[in-house]
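**Q** next one to model:
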Amino acid sequence: MDTLKPESKVYVLKRPSADTPVRPLSRDYAQELNPQQLAAVEVVNGPSLVIAGAGSGKTRVLVYRVARLIEMGVDPASILLLTFTRKSSQEMLGRVGLLIGQQSDRVMGGTFHSVANILLRRFGRSIGLEPGFTILDRGDSEDLVSQVRGQIGFSETGKRFPRKKTITDMFSKCANTLKPLDDVLLNEYSHFGEYLGDLTKLQEGYEFTKRTRQLVDYDDLLMRLRELLIKDESARRMISETYRYILVDEYQDTNLLQAEVVRNLASTHDNVMVVGDDSQSIYAFRGATFRNIMEFPTLFPGTQIFKLEENYRSTQSVLGLANAIIEGAAEKYSKTLFTNKEGGERPALVQAAGENPQSRFIAQKILELREEGVPLNEMAVLFRSSFHAFDLEIELSKRDIPFIKRGGFKFIETAHVKDMLAHLRVIHNPLDSVSWNRLLLLIEGIGQKRAKDLVAKLVNSDTPSEVLREGSGRSAIGLRNLADALDAVGHVEDGSPPDQISQVLEYYFPILKDQYDDYPKRIRDLEHLQGMAERYSSLGDFLADLTLEPPDASVLDVEGKDRDDERLVLSTIHSAKGLEWRCVFVIWLVDGRFPSSYSFLTDDDLEEERRLLYVAVTRAKTHLYLTFPINVYDKITGSILSKPSRFLDEVPAELVDAWSVVDEGEPYHWG
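**A** Okay, here's the model as predicted:
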């Protein structure tokens, strides 16, 4: 064979790039998606922003894009799907699996916080975080704030010193907005301004205690991940190279901290697709910022923008009203919702003389609609604030209309469940001073001071059980029983979480029975907790998941209520986001109530109120009623003539039917 001559040309065969895979596709994506959806799904590399109008199929875009990337040859393990609930990511990935099979099982999907938990347990040592750290829920965080406050001598600062919940809210707002405490205090808690020095010391003590005790509160999951990505370049590069394709759902609900985390996760590439609707950005009170979705193209230069405008939920009559409401927004991505559905009655703008006539109208109309074939559970009454529905609740009860109102304690926030988890947490992390404090206070004869002294000994001891057994006086027996119980839990074979819970329950049952008259109901919650633990082999994983994605319902929340499956829904608009009903009533559309008088101070707050109304309107499929009472009672001036919501001023008359509610036999005049 002739040797290669120097003048010979060389033709190099390139390996297929991971960023530009080529593989035949099994599905006809153009057939299954509308043109706007298809354009977004076909993007492979680079940053992209999908502005998804209400009911336009944003989830479908995310699902099909993940499926298409995998079909094109992208390694499923290199795809990261970030959502706001675990349920959302599981449902999306389940739908991907239905499209292309089990390959979707290898996609990393979850909430920002659950993904942060995984990454911190793997890489956290470089920032002083051991894999066995404990995640504090909100109640635990408040208790720790209270502990630290006592330790540094602020317990008797004064009557006006903020309570532990308010202090925890302040610290949380600092994290989620990336603002220093003095800024947060000045803008939102100015009445506590005199305590800036004390609160700063308290914040420093709180952070120090968490770090030394391997405790992480909910906000820390993202704060510590941000710290890791900034300080550990090798970890940041490894994580970014692992997740080459990042998708983010509901981007309009992210805060500055989350936006910064996304930017760092994509530090070695810009393959980020975010999906959201600027018109549905309504969570500023949680720290979410409208600016994130507006400034995404600045954060990621070269961003392609796609708009989904075809609505699959509502009639054109409803969409016409929604378009008119959001048209007045000062800043937005322009879009016009449309549908191919035909028919649909115009929304009704309903004027009532006062609050009770408004309530009576809603109750009567609900009964009429039910007679026409609309089930109660396909109807909802939405309101700006929970107290707006008080009079309506009374009216519904008078007419025996069953309803459910969003709210109540979460399962994990009930006292008996928190007690149970405290015992498990000290087994998992003996440095968890918050949990030690909680379970010590359950023992007869132990008060706050004694508990504080014991906690100090326990967290500094290699043998906590021996510390407990050294107890004397009235609490000695209780402390020894606790030591025996914890030893028994610790010796459970293979560390099985259900068996560990069973051991704690055996010890805790007499305490539960002594403290609560309704202990039979509470024991069912604890049995439910034990059942939830069945699928876990690790106590740490069980405790982390329970804190990150707590179940909603407790037996205490549902016992004694009307169990009729067909119930009307009463809900704040914030709680209704993402849901839909055939018929929606939006009540109290009065200036000062909706928009709230608190929003009159700044343009940004008023714009969020506009978006809130847009969200409410777009929950309706076919029937929509906007109601406002004219005579509103004011405690100072008595009955006053109210002004309909300023947002209604911008709605063209031809888009709504004007109704006026009167009693039988009375004349009426449209106000």
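
**Q** sketch out the low-pLDDT regions of the stretch 301-450 of the chain for me.
**A** 407-411 (pLDDT under 70).

**Q** which stretches of it form helices?
**A** 316-327, 355-371, 390-398, 415-428, 433-440, 448-458 (DSSP state H, counting those that start in this stretch).

**Q** now mean neighbour count and distance to Asn481 too, for the ones you listed, in CSV please.
**A** To be clear about C-beta, it is placed using only N, CA and C from the backbone, and glycine gets the same treatment. Shown next, in CSV, are the helices of the stretch 301-450 of the chain (neighbours: other CB atoms under 10 Å; distance: least, CB to CB, whole Å):
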stretch, mean neighbour count, distance to Asn481
helix 316-327, 22, 61
helix 355-371, 18, 54
helix 390-398, 16, 46
helix 415-428, 22, 12
helix 433-440, 25, 11
helix 448-458, 16, 15
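
**Q** among the ones you listed, which is nearest Leu349?
**A** Smallest distance to Leu349 across those (CB to CB): 9.3 Å, for helix 316-327.

**Q** which strands and helices sit next to the closest one?
**A** Under the contact definition 3 or more CB pairs under 8 Å, 6 or more residues apart in numbering; DSSP states H and E, helix 316-327 sits against helix 603-617, strand 620-634.

**Q** swap the cut-off to 7 Å and go again
**A** Using 3 or more CB pairs under 7 Å, 6 or more residues apart in numbering; DSSP states H and E, the elements in contact with helix 316-327 are helix 603-617.

**Q** what are the contacting residues of the helix it packs on?
**A** Here helix 603-617 makes contact (CB atoms under 7 Å, 6 or more residues apart in numbering) with 279-282, 284, 318, 321-322, 325-326, 328-330, 382, 384, 573, 577, 586, 594-596, 598-600, 624, 647.

**Q** what's the mean pLDDT across that helix?
**A** Mean per-residue pLDDT for helix 603-617: 94.

**Q** same check, this time on stretch 650-660
**A** 92.

**Q** output the lowest mean pLDDT helix or strand found in the chain.
**A** helix 555-558 (a mean of 45; mean pLDDT, DSSP states H and E).

**Q** just the buried ones from the contacts of helix 603-617?
**A** Neighbour-count burial (16 or more other CB atoms under 10 Å) is assigned, among the contacts of helix 603-617, to 279-282, 284, 318, 321-322, 325-326, 382, 384, 573, 577, 586, 594-596, 599, 624, 647.

**Q** my guess is Glu85 contacts Thr111, does it?
**A** I think there's a mix-up here, since residue 85 is Thr and not Glu. Yes: in this structure, Thr85 is within contact of Thr111 by CB atoms under 7 Å, at 6.4 Å.

**Q** between those two, which one's more packed in?
**A** Applying other CB atoms under 10 Å to Thr85 and Thr111 shows that Thr111 carries more neighbours, namely 20 against 15.

**Q** in contact with the more buried one, which residues?
**A** Contacts of Thr111 by CB under 7 Å, 6+ apart are 83-86, 548.

**Q** switch to 10 Å and redo it
**A** For Thr111, the contact set (CB atoms under 10 Å, 6 or more residues apart in numbering) comprises 82-89, 117, 221, 249, 548-549.

**Q** need those residues in CSV with secondary structure, can you?
**A** Formatted as CSV, the contacts of Thr111 follow (DSSP: H, G, I helix; E, B strand; the rest coil):
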residue, secondary structure
Leu82, strand
Thr83, strand
Phe84, coil
Thr85, coil
Arg86, helix
Lys87, helix
Ser88, helix
Ser89, helix
Asn117, helix
Leu221, helix
Asp249, coil
Leu548, helix
Glu549, coil
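
**Q** tell me where the stretch 501-650 of the chain has helices.
**A** 519-532, 539-548, 555-558, 573-576, 603-617.

**Q** out of those, which gets nearest to Ile305?
**A** Closest among the helices of the stretch 501-650 of the chain, using CB to CB: helix 603-617, at 19.1 Å.

**Q** using PDB, list the CA coordinates for the closest one.
**A** The C-alpha trace of helix 603-617 is given here as PDB (Å, rounded to 0.1, in the frame of the first residue of the first chain):
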ATOM      1  CA  ASP A 603     -47.500  51.900  39.600                       C
ATOM      2  CA  ASP A 604     -45.900  48.500  39.900                       C
ATOM      3  CA  ASP A 605     -48.400  47.400  42.600                       C
ATOM      4  CA  LEU A 606     -51.400  48.700  40.500                       C
ATOM      5  CA  GLU A 607     -50.100  46.900  37.400                       C
ATOM      6  CA  GLU A 608     -50.000  43.600  39.400                       C
ATOM      7  CA  GLU A 609     -53.600  44.100  40.400                       C
ATOM      8  CA  ARG A 610     -54.500  44.400  36.700                       C
ATOM      9  CA  ARG A 611     -52.700  41.200  36.000                       C
ATOM     10  CA  LEU A 612     -54.600  39.600  38.900                       C
ATOM     11  CA  LEU A 613     -57.900  40.500  37.200                       C
ATOM     12  CA  TYR A 614     -56.600  39.100  33.900                       C
ATOM     13  CA  VAL A 615     -55.800  35.800  35.700                       C
ATOM     14  CA  ALA A 616     -59.300  35.700  37.300                       C
ATOM     15  CA  VAL A 617     -61.100  36.300  34.000                       C
END
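
**Q** what angle sits between it and strand 620-634?
**A** With axes from the mean of the first three to the mean of the last three CA atoms, to 10 degrees applied, the angle from helix 603-617 to strand 620-634 works out at 130 degrees.

**Q** excluding chain neighbours, what is closest to the one residue sitting closest to the centre of the chain?
**A** The chain has Phe84 as the residue nearest its centroid, 5.8 Å off, counting by CA atoms, centre = their mean. Spatially, and ignoring its direct neighbours in sequence, Phe84 is nearest to Glu250 (5.2 Å; CB to CB, 6 or more residues apart in numbering).
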